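A.B. asks: coords please:
(chains A and B)
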Amino acid sequence: MNSLWTVMSFTMRTKLRNKAFVITTVVLAILLVVVGNLPTLLSKLDSDKATKVGYVQGVHDELIQGLTAFYAGQEKPEVQLIGGASEDALKETLEDGDIKGFVTFADNASVGFPDATYHAKSSLGSSTAQSLTVGLQVVKNQLVLKDLNPSEQQLSLLNATVTVNQEQVRFTNDAGKTPEEEGTAIGLTYVLLVLLFMAVMITGQLIATEITAEKSSRVMEIIVTSVSPLKQMFGKILGTFAVGILQMIVLVGALVLNLVQQNNLDALKDMGLDLGAIDPKLIAFAVFFYLTGFFLYATLFAAVGSIVSRTEDLGQAILPITMLTLAGFYIAIFGITHPESSVITICSYIPFFAPFLMFLRIGLTEPSVWEVLLSVGILLASIIVIGWISAKIYRTGVLMYGKRPSFKELIKAMKAYKV
Amino acid sequence: MSVLKVDNIVKNYGDKRAVNKLSFEVQEGEIYGLLGANGAGKTTTMRMVLGLILPDEGDIRYNGKGYSKEQLSMLGYLPEERGMYPKLKVSDQIIYLAELRGMSRKDADKNLKYWLDRFQVPEYYNKKVEELSKGNQQKIQFIAAVIHKPRIVIMDEAFSGLDPVNVELLKSTVKELRDEGTSIVFSTHRMEHVEELCRNITIMHRSNPVLQGSIKDIKKKFPQERIIIASDGAIEGLDSVSGVKQVIRHEHGGYELKVDSPYAGQKILQHALAQGPITRFEIMEPTLNEIFIKTVGEHNE
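C.D. replies: Modelled structure (predicted):
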């Protein structure tokens, strides 16, 4: 039987029988089921009930009436106004939790319209204050307009909102993306970037840990005498890859199955995300960059794992690679808001960042075909080169014990072993 | 034709020479002893025989053929540092290692059960390696080295860390393998095991083979310089006999004498008989231990 397959199936079997691995996957899957239902949960929490806001009765009645009318005109009133005898009485009601906050007014002679203050338990991120601002602005406009006595036509013109439409320019023949498609693309790109990063990190570290464990338990000495190191390394990488894919399918499956439930789809649509607008090409690119990213980093992790003799030293040794993935990931996160930045463009040709950044550019901008081909070409070439170098390091590293060899010692050993 | 023929191999690590012009041959059904102090080049030699590293010069032949993938399945290796997957079941890892050597799962399983029975530990089949004592782990390691019926087995420090009962058990198994025609390259620091098992040996010192040949011939080269003599009472004045270099009095009675030639024995015997009856007198041939210390020590100076 082919020994590559033997190594691969052994790696898969031990991994799938590993309790910690199974438990982690199950826990993550449950977490993702929750995340998958988050849109519905969020829309449930954002209850349709209006926020109760108190006011002092008998003062600034004109404004209160205007506000009440404004909120009554809304389809789902954001605020329900509740009268209170005095500020102190309102404070007590607030403390009891019967109202969320209360509004007071102070005359401002220079503007000719009173200043409003919204009192609430927390002053941070209050959407109610924003809502009140909008409401009062309308009330103010109405008050001023009442004196001017405008025509019906002038009124409707004033009230009409200005629209600014956004459209992404495409240089091919297709139509540009609508804002909804754009939002979906950003969301999807973000999710896929996180998945890509996690997959590469988790599986890469798994590979490195397993190789070091084999080395430190000295099983390695027997294994390398039975099967060529190259076959062993790629068997290990492919086996872990298969397990990683399986894990990914379970996790993504748990997420997607829940997301495509009708109630979640509706809730997502309300947030401006349309799963139907997902470009299948983007998914294909995600799979492609997952594969390339995985093999690029997996061979690196394998090489590093092979030169470390003790599991304790591994964390330190793989730090440079971890930094590299982290750098790629953070540049990509930064790039979500600035996909056209020249930093992103340049970095998308660097093989270590390309899986993250070229994917980002394809998702959010319109790189020309040659740019994509160039980046992918560089990426594929470096996978071959790095795979080849890693195999050499691996071949040498697995036989070197003691302290972690320096680069010079490694080269020397490579020459001595004639690899 | 010899099963394993090592011909003038040289290995350099950078500017340091690890093995210098070593040659030896191992016949079918022979245990060959590879001896040397720590760092003498034994492990490097074994790694070259195993094909892990290539010699810079010289040649290694297996049944007359060069190293190739097919040779892997006829090699068995028991490394100096014991290693197994601690968290895996014995059956899982032994079958995996056997599969890597080209066995089918079924055959591997059958052989594993045979060997576990042979060592009277069939209950270990489903145990994790970390649950076993060190000596029992060693047995499992031994099974891993021989399960695929290799023609050549490399054993690096095969019996280190075992209790006397288990040493005997493994030793008899090694002899059995030898009698079935397996060729074994054997390295150890326990000279009494070498004397018991090996026909031919090489002593290596600082990368060089310093002493080679059959144990019998090697012993002939070294003079008999040790005499044991004992009587019921004390024997006086032994150190005054001509030819005696050193007298060591043993706690449980008797004397061990270092002499410059075996002929001094007669004079010593006469001297002792004059003082009373003698219960023991023996002119000892040099032990391998002495030869080893002498050889390696000489070259050290």
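A.B. asks: next up, the contacts around the residue in the stretch 251-400 of chain A that chain B sits nearest to.
C.D. replies: Nearest residue of the stretch 251-400 of chain A to chain B, counting by Cβ to the nearest Cβ: residue A:399, 6.3 Å away. Any C-beta I mention is one placed from the backbone N, CA and C, and that applies to glycine too. Residues in contact with residue A:399 (Cβ atoms under 8 Å, 6 or more residues apart in numbering or on different chains) are A:221, A:224, A:417, B:47, B:52-53.
A.B. asks: now, which of those sits nearest residue B:236?
C.D. replies: When the contacts of residue A:399 are ranked by distance to residue B:236 (Cβ to Cβ), residue B:47 comes first, at 56.5 Å.
A.B. asks: where along the stretch 1-150 of chain B do the strands fall?
C.D. replies: With strands called from DSSP state E, counting those that start in this stretch, the stretch 1-150 of chain B shows them at B:4-13, B:16-26, B:31-36, B:57-62, B:75-78.
A.B. asks: ok, now the stretch 151-300 of chain B?
C.D. replies: Counting by DSSP E, counting those that start in this stretch, the stretch 151-300 of chain B has strands at residues B:152-156, B:183-187, B:200-205, B:208-214, B:226-231, B:244-249, B:255-259, B:278-284.
A.B. asks: deepest-packed of these, please.
C.D. replies: strand B:183-187 (a mean of 25; mean count of other Cβ atoms under 10 Å in any protein chain shown).
A.B. asks: quick one: contacts of it?
C.D. replies: Under Cβ under 8 Å, 6+ apart, the answer for strand B:183-187 is B:3-4, B:26-36, B:42, B:46, B:49, B:80, B:151-158, B:174, B:177-178, B:194, B:197-198.
A.B. asks: circling back to that earlier point, can you redo the strands of the stretch 1-150 of chain B as CSV with mean neighbour count?
C.D. replies: As requested, the strands of the stretch 1-150 of chain B are arranged in CSV below (neighbours: other Cβ atoms under 10 Å in any protein chain shown):
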stretch, mean neighbour count
strand B:4-13, 18
strand B:16-26, 18
strand B:31-36, 24
strand B:57-62, 16
strand B:75-78, 24
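A.B. asks: picking up where we left off before, from the contacts of residue A:399, which two are the most distant?
C.D. replies: Longest distance between any two of those is 14.4 Å, between A:221 and A:417; criterion Cβ to Cβ.
A.B. asks: dump the strands of the stretch 151-300 of chain B to TSV, plus mean pLDDT.
C.D. replies: Formatted as TSV, the strands of the stretch 151-300 of chain B follow (pLDDT from 0 to 100):
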stretch	mean pLDDT
strand B:152-156	91
strand B:183-187	91
strand B:200-205	90
strand B:208-214	88
strand B:226-231	84
strand B:244-249	82
strand B:255-259	84
strand B:278-284	84
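A.B. asks: off-centre distance for the helix or strand encompassing residue A:54?
C.D. replies: Assigned by DSSP states H and E, residue A:54 belongs to strand A:51-56. Taking the mean of its C-alpha atoms, strand A:51-56 sits 38 Å from the chain's own mean (Cα atoms, centre = their mean, to the nearest Å).
A.B. asks: next: stretch B:12-19.
C.D. replies: 25 Å.
A.B. asks: go on, stretch A:203-223?
C.D. replies: The answer for stretch A:203-223 is 32 Å, by Cα atoms, centre = their mean.
A.B. asks: one more: stretch A:193-204?
C.D. replies: With Cα atoms, centre = their mean as the basis, the mean position of stretch A:193-204 lies at 12 Å from the chain mean.
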